[in-house]
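# show me how the following folds:
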Amino acid sequence: MLALYCVNVNATNVDGIRQQDFYVLEIWRQLVAAGLDPKDAHFYLAVLRGGRMTVAEAARHANVSRTSGYDIARRLQARGLLTRVESDSPLDQKDLRTHSHLMANDPALLLDEWAVRKQVLDDVVPQLRALHSGNRARPKVRYLEGPSGIRTALFETLEWQSPIRGILSMQDLMTVPGEAAMDDYIAGRRERELVLRVIRTRDHDWPGGWLTSARDYRVVRHTPVEYEFTMTAVIGSREVVALSSARETFAMMIESEEYAEMQTNLFEALWGLSTPADSDDSGSPEKNRRARYSGS
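Below is the predicted model of the structure:
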């Protein structure tokens, strides 16, 4: 289109003027669509069309002020689209306010410029996307060390919504964070009426303790004998807490809806394979809840 325009602007017949203006308008629209400032595009086309013009002449043809014309000329010259030619030094690139004329350079320079821009964008866009992704929702992970870290992580689950799910190794929990801490934790759940659906392994269970209990808001099942857990996991609607045994003594807290959902599904699959444990004299919180709902 640009080459066709350059041929037409040299035509001398009057009937071709309207057609030339149409081509100029279309080229201007395309330059603007390609990212050139509208005033810069008008100015550039004026010089391209005139062949050799002063800044004042180009500004008049582009319908901008002379002051703006100097600014535009500087920008286009910096981009390599225009050259300033002086009578005594045709290729001098100094101040545009001297006696000089403007000439348009080969429009193919636009392709070179945009090729460079594309290369830069190809390089920077992946980095920008990485920054953009960094602002999206992402899991928050905390790592806590030592017995105090395990206690802190465990007791934070008291603030979760009921019910919570747990895979507990009671022998390890009685070691770290210890029996007193576990008594406080159970009292905290009881005070908040926070139901714990818990899966435990018989080999790591605490003899005679922590049965299914409506009083303690606890429902217990035991895994098949082939499963054994030395770590504890507590699963909420948005968070998962993992507690190690005394051998490694650490806690990890992961806040992620997606991860919590996956752990919940795994828990429910294991729950279906596990055997209900005995109840204490208070019965099961699940049965009591159903009884309240039925009105019996």
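# going forward, measure contacts between C-alpha atoms and count neighbours the same way
OK.
# buried ones in the longest helix anywhere in the chain?
Ranked by number of residues, the top helix in the chain under DSSP state H is helix 108-134. Applying a neighbour-count criterion of 16 or more other CA atoms under 10 Å, one finds Leu110 buried in helix 108-134.
# ok, now stretch 29-49?
Going by 16+ other CA under 10 Å, stretch 29-49 has these buried residues: 31-32, 36, 39-49.
# stretch 138-149 now?
Buried-residue list, stretch 138-149, by 16+ other CA under 10 Å: 144, 146-147, 149.
# where do the strands sit along this structure?
Assigned by DSSP state E, the strands in the chain fall at 82-85, 101-104, 140-145, 164-168, 196-200, 218-222, 232-235, 239-243, 250-255, 275-276.
# output those strands in CSV; the columns should cover distance to Val24.
Putting the strands of the chain into CSV (distance: least, CA to CA, whole Å) gives the following:
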stretch, distance to Val24
strand 82-85, 18
strand 101-104, 15
strand 140-145, 57
strand 164-168, 71
strand 196-200, 76
strand 218-222, 80
strand 232-235, 68
strand 239-243, 63
strand 250-255, 59
strand 275-276, 83
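# closest to Val116 out of those strands?
Taking CA to CA, strand 82-85 is the member of these nearest to Val116, at 18.4 Å.
# parallel or antiparallel, list what pairs with the closest one.
Counting by DSSP bridges, the strands paired with strand 82-85 are strand 101-104 (antiparallel).
# and the strand it pairs with, how far out from the chain middle?
Offset of strand 101-104 from its chain centre (CA atoms, centre = their mean, to the nearest Å): 48 Å.
# outside of it itself, list whatever touches it.
For strand 101-104, contacts defined as CA atoms under 8 Å, 6 or more residues apart in numbering pick out 44, 47-48, 51-55, 81-86.
# can you list the weak-confidence ranges in the chain?
Applying pLDDT under 70 to the chain flags the ranges 1-21, 87-99, 132-137, 208, 281-282, 286-296.
# quick check: the gap between Glu86 and Ser100.
When distance is defined by CA to CA, to the nearest Å, Glu86 is 5 Å away from Ser100.
# between those two, tell me which one has more neighbours.
Comparing Glu86 with Ser100 by neighbour count (other CA atoms under 10 Å), the higher total belongs to Ser100, at 20 against 17.
# so who does that one touch?
Neighbouring residues of Ser100 by CA under 8 Å, 6+ apart: 54, 84-87.
# mind listing the helices for this protein?
Ranges of helices in the chain, per DSSP H, are 2-8, 17-33, 38-50, 55-62, 66-78, 108-134, 146-156, 170-173, 179-192, 257-273, 285-294.
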